[in-house]
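One predicted model, sequence on top.
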Amino acid sequence: MAILGKILKKEDETAKKQNQRSRSPSRGNLPQQSYSPGPNQPRSSYRPGYQSQASQAPASTNLGRDVLEVEKKIAENERLLAQRSNNLDQREKELDRQAKTLDDRIDQVNQIRNDLISKLEKVSSLTKDEARKLILENLEKNLTDEIAKRLKEAEEKIRVEADEKAKEIILEAMTHGITDWVAEYTQSIITLPNEEIKGRIIGKEGRNIRVFELATGVELILDPETPNEVRLSSFDPLRREISRIALERLIKDGRIQPTRIEEFVDRAKQDLNRELIEVGKRAAGEAGFFNFDTETLTLIGRLKYRTSYGQNQLIAVLETSKIAGKIAADLGADVNVCKMGGLLHDIGKVIEGEGTHVQLGVEYLKKKNFPSKVIDCVAQHHEDEPFSSKESVIVHLADAISGSRPGARQESYEDYVKRLTEIENVAKKFGGIRDAYAILAGRELRIIVDPQTID
């Protein structure tokens, strides 16, 4: 209806404008037109300058026709909307009815199911859980043999595959553990160019040799049977290395005096400390670490002059680091933790203090704020503590592989003497035994008895 009102209003405004235009000019200004009335039209019916009312009739008729058409369209749209609204109401009612019917049927099904379960329990005198248990037990009895057979086959297959995979990982790890380092056992014998040098080493009344031994802590052995050799004896390989460097430089210099001896020994100590840092840098770089502090690098370098069962410790830790890194890569463990744990697992062997090398190493790494997983690898590589991660297990295995490979270790002289001494002490515990001697590597024992006690 609003549209119809606008249309009518617009038509009225248009008609008014047309009337105003037709009336605006004066009669005197109108153009003179000749007019001849028709034969049936009187002259008095014509008025120049004005339109007749009959000329406006067609416009009013068209406007009315348009209004009627618009009203018809609006009425038709209203009828369609009302029809759609009625259809939606009916559909909503139908859906509600269907939903109610479905809920009723679900309730009926649940009621029937519960009734059947109750009747079955009454007939069988079993609850639902008891019936389920009985069925499962019967099924298990029937399938026990088949299940056991399948499990045994699966276990055997897994065991074979696991053994093959483990051998493959270990062998590949051992090949990656090969190192370019050469075991350098500390020199203990120095060759002299002539007899005169030996006299200079001894000095007047043995003064030079006493100063040298006091400055280095190493014993010089001059054997008359080997006039061109000097033996250096010390349980500390670093001291023995310092004495070797200092004595070789003194022999080359030729001026062997107490003041010169002390000066050369101090220089040898400084040079060895610098060498230890460089050795530590090369070893750490070979393992893939370049951010260790100077103290840690020095300790790693000291491993070069430490052996265990004849195995050079620097070579051992490098092998352990490489083997652990390879195993970790194959098993999906943290490679950096395993490699660092393998490199530092025996660092306590070159730290002075009370306690085992494991304890000393753990204390040092804690003081230096190393990662906790690396510290756990060091603390657990001899199974002193339960393994806390797979990285700890890997470092333990890598250390065992490095030490147990053929040719890695050999019995040291100290251990050999200790073993023979223990055999002799066992024999001396018996009454009437004055003395005992183990010979032939302990395969034979000779004893001396007290004749007053034993006939």
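Thanks, I have the structure now.

Residues contacting stretch 156-163, please?
Stretch 156-163 is contacted from outside by no residue at all, using Cβ atoms under 8 Å, 6 or more residues apart in numbering. C-beta: built from backbone N, CA, C; applies to glycine.

quick one: what helix or strand has V337 in it?
Assigned by DSSP states H and E, V337 belongs to helix 335-344.

mind listing the helices for the protein?
Per DSSP state H, the chain carries helices over the ranges 2-23, 57-124, 128-176, 195-202, 207-216, 237-253, 258-287, 294-302, 313-331, 335-344, 357-367, 372-380, 390-404, 413-428.

Which positions in the shortest one come out as buried?
The neighbour-count check on helix 195-202 (16 or more other Cβ atoms under 10 Å) flags 197-198, 200-202 as buried.

related to what we said a few turns ago, which of the helices of the chain is buried the deepest?
Highest mean neighbour count among the helices of the chain (mean count of other Cβ atoms under 10 Å): helix 335-344, with a mean of 27.

Direction-wise, compare that helix with helix 357-367 and give the angle.
130 degrees (axes from the mean of the first three to the mean of the last three Cα atoms, to 10 degrees).

And helix 335-344, what does it pack against?
Other helices and strands packing on helix 335-344, by 3 or more Cβ pairs under 8 Å, 6 or more residues apart in numbering; DSSP states H and E, are helix 258-287, helix 294-302, helix 313-331, helix 372-380, helix 390-404.

Recalculate using a threshold of 6 Å.
Applying 3 or more Cβ pairs under 6 Å, 6 or more residues apart in numbering; DSSP states H and E, we find helix 335-344 packed against helix 313-331, helix 372-380, helix 390-404.

Reformat those as a markdown table; add distance to R65.
Compiled in a markdown table, the helices and strands packed on helix 335-344 are given as follows (distance: least, Cβ to Cβ, whole Å):
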| stretch | distance to R65 |
| --- | --- |
| helix 313-331 | 94 |
| helix 372-380 | 96 |
| helix 390-404 | 96 |
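
Make CSV from those and add mean pLDDT and distance to R446 to it.
CSV is the format used below for those (pLDDT from 0 to 100; distance: least, Cβ to Cβ, whole Å):
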stretch, mean pLDDT, distance to R446
helix 313-331, 89, 37
helix 372-380, 93, 45
helix 390-404, 87, 35
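
May I have the helix holding V337 exported as PDB, CA atoms only?
In PDB, the C-alpha atoms belonging to helix 335-344 read as follows (Å, rounded to 0.1, in the frame of the first residue of the first chain):
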ATOM      1  CA  VAL A 335      73.000 -38.400  20.300                       C
ATOM      2  CA  ASN A 336      74.700 -35.300  21.900                       C
ATOM      3  CA  VAL A 337      74.000 -36.600  25.500                       C
ATOM      4  CA  CYS A 338      75.400 -40.000  24.700                       C
ATOM      5  CA  LYS A 339      78.500 -38.600  23.000                       C
ATOM      6  CA  MET A 340      79.300 -36.200  25.800                       C
ATOM      7  CA  GLY A 341      78.600 -38.800  28.400                       C
ATOM      8  CA  GLY A 342      81.000 -41.200  26.700                       C
ATOM      9  CA  LEU A 343      83.700 -38.500  26.400                       C
ATOM     10  CA  LEU A 344      83.500 -37.500  30.100                       C
END
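
what number of residues lie near T307?
Neighbourhood size, T307 [other Cβ atoms under 10 Å]: 21.

Where does pLDDT dip in the stretch 351-455 of the chain?
For the stretch 351-455 of the chain, the stretches flagged by pLDDT under 70 are 405-415, 440-441, 443, 455.

Identify the residues contacting the spatially most central residue of the chain.
Geometric centre of the chain, nearest residue: D334, 4.7 Å, by Cα atoms, centre = their mean. When contacts are counted by Cβ atoms under 6 Å, 6 or more residues apart in numbering, D334 touches E391.

i'd like the first residue to be 52 from this point on
In the new numbering, first residue 52, that becomes D385.

And the buried residues of helix 246-253, which is closest to P288?
Among the buried residues of helix 246-253, I252 lies closest to P288 (Cβ to Cβ), at 21.5 Å.

ok, so what distance separates N128 from R116?
Distance of N128 to R116, computed by Cβ to Cβ, to the nearest Å: 19 Å.

Low-confidence ranges, the chain, go.
Low-confidence segments of the chain (pLDDT under 70): 52-63, 65-112, 171-177, 179, 193, 217-239, 456-466, 491-492, 494, 506.

Apply 50 and report the result again.
For the chain, the stretches flagged by pLDDT under 50 are 76-107, 231-238.

quick revisit: turn the helices of the chain into CSV, columns for distance to E495.
Formatted as CSV, the helices of the chain follow (distance: least, Cβ to Cβ, whole Å):
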stretch, distance to E495
helix 53-74, 132
helix 108-175, 84
helix 179-227, 39
helix 246-253, 40
helix 258-267, 38
helix 288-304, 33
helix 309-338, 44
helix 345-353, 40
helix 364-382, 35
helix 386-395, 43
helix 408-418, 36
helix 423-431, 42
helix 441-455, 30
helix 464-479, 10
